[in-house]
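> Please work out how this folds:
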Amino acid sequence: MKLKIITIEGKSYAEVQDDKPVYVHEDGKEVAFDAATTVATISRLNGEAKTHREAKEAAETKLRAFEGIEDGEAARKALETVKNLKDGDLVTAGKVEEIKAAAKKAAEEQVAQAAKASGEQIQTLQGERDKLRDDLYGEKIGGAFSRSKFISDKVAIPADLLQAQFGQRFKVEDGKTVAYDAAGNKIYSRTKPGEIAEFDEALETIIDGYAHRDAILKGTGNAGGGAKPGNGQGGGPKTISRGEFEGLDPSSRAAKMKEGFTVTE
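A predicted model of the protein is given here:
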């Protein structure tokens, strides 16, 4: 599933339908992604998983009351026998132990079946929750990169390559995009002290701390005096034309960035 991108006047934007970003599935079908509904569904699945887990724990707690009881059918027959005993009849100590063992076994089997069913249901719910969480991450983070004005105006490389390099610095928390620095600390806004930095401001902060930032920003690191070293050769800055850069595969582009190359127009 990929975000549908449209190009207007040389800039790429995510297509939006009813205020929702449009995604294209592998079969070519286009669907508007409802992030708000996805967040609500994840919360519901988490609640259902918790309910099943608590039911399983409650069943296991009840089982402890039947310790020593093994065969449920034998326990039922024994209880019927005891119920129908006539006055004066005696139950031997061995029969009592047989009844206890039967009751315990029956209870254990019931709890085991309930625990298995609950465990399978929990796994199913967790799988659905994780898929929705991944879809939400792709929309929030991938969409933020594709719609970024900072990337469009100031970055010299495609948004998908930039996401491959820095996407792991962003997380979705409580439905909001939160960025982290290299030390694992949340990035806060410089213009709004005390608040989490919005995507563009956070990305700019991350790139400012990147050792090869000049290689990915527009209009930086170019050789002066009208002379430009060929493809990074010589003593000047390493440069590569945009046409050459666009012709490389993603791994080769990433390699050029790590080597400190600057994309020139």
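> Pull the distance from the host helix or strand of K116 to the chain's centre.
Per DSSP states H and E, K116 falls inside helix 93-137. Chain-centre distance of helix 93-137: 28 Å, with CA atoms, centre = their mean, to the nearest Å.
> Make residue 1 into 682 and carry on from there
With 682 as the first residue, the last one maps to helix 774-818.
> Beyond it, next helix or strand please.
Taking DSSP H and E, what comes next after helix 774-818 is helix 824-828.
> can you give me the offset of that next one from its chain's centre?
17 Å.
> what's the average pLDDT for that helix?
Averaging pLDDT along helix 824-828 gives 91.
> And for that helix, what's in contact with it?
684, 686, 693-695, 702, 832, 840-841, 843-844, 848, 851, 858, 880 (CB atoms under 8 Å, 6 or more residues apart in numbering). For glycine as for every other residue, the C-beta is placed from the backbone atoms N, C-alpha and C.
> Just those: which are in strands?
L684, I686, S693, Y694, A695, P702, F851, T858 (DSSP state E).
> The first one contacts K701, correct?
No. The pair L684 and K701 fails to qualify as a contact (CB atoms under 8 Å) at a distance of 11.4 Å.
> And the two? Which one has more around it.
Taking neighbours as other CB atoms under 10 Å, L684 and K701 compare with L684 leading, 19 against 16.
> beta partners of the more buried one?
Y704 (DSSP bridges).
> now it: how far from A840?
10 Å (CB to CB, to the nearest Å).
> swap in K873?
Counting by CB to CB - K873 and A840 are separated by 25 Å.
> Just to check, L760 is in contact with E779?
No. Here L760 does not reach E779: they are 11.1 Å apart, not a contact under CB under 8 Å.
> who has more neighbours, the two?
Shown here are L760 and E779; by other CB under 10 Å, E779 has more neighbours (19 against 13).
> per-residue confidence at that one?
81.
> which non-adjacent residue is nearest it?
A759 (6.1 Å; CB to CB, 6 or more residues apart in numbering).
> my read: the one you found touches K786, true?
No. Using CB under 8 Å, A759 makes no contact with K786, being 11.8 Å away.
> just the strands in the stretch 832-946 of the chain please.
851-854, 857-860, 920-922, 943-945 (DSSP state E, counting those that start in this stretch).
> center of this protein, which residue is that?
Nearest to the geometric centre of the chain sits D815, at 4.1 Å (CA atoms, centre = their mean).
> Surely E751 is in a strand?
No. According to DSSP: H, G, I helix; E, B strand; the rest coil, E751 belongs to no strand; its state is coil.
> who's in contact with it?
E751 neighbours (CB under 8 Å, 6+ apart): A782, A783, K785, K786, E789.
> Considering the residues you listed, which possesses the most neighbours?
Going by other CB under 10 Å, A783 tops the contacts of E751 with 23 neighbours.
> and it, what is it in contact with?
So A783 contacts I750, E751, D752, G753, E754, A755, A756, R757, K758, A759 (CB under 8 Å, 6+ apart).
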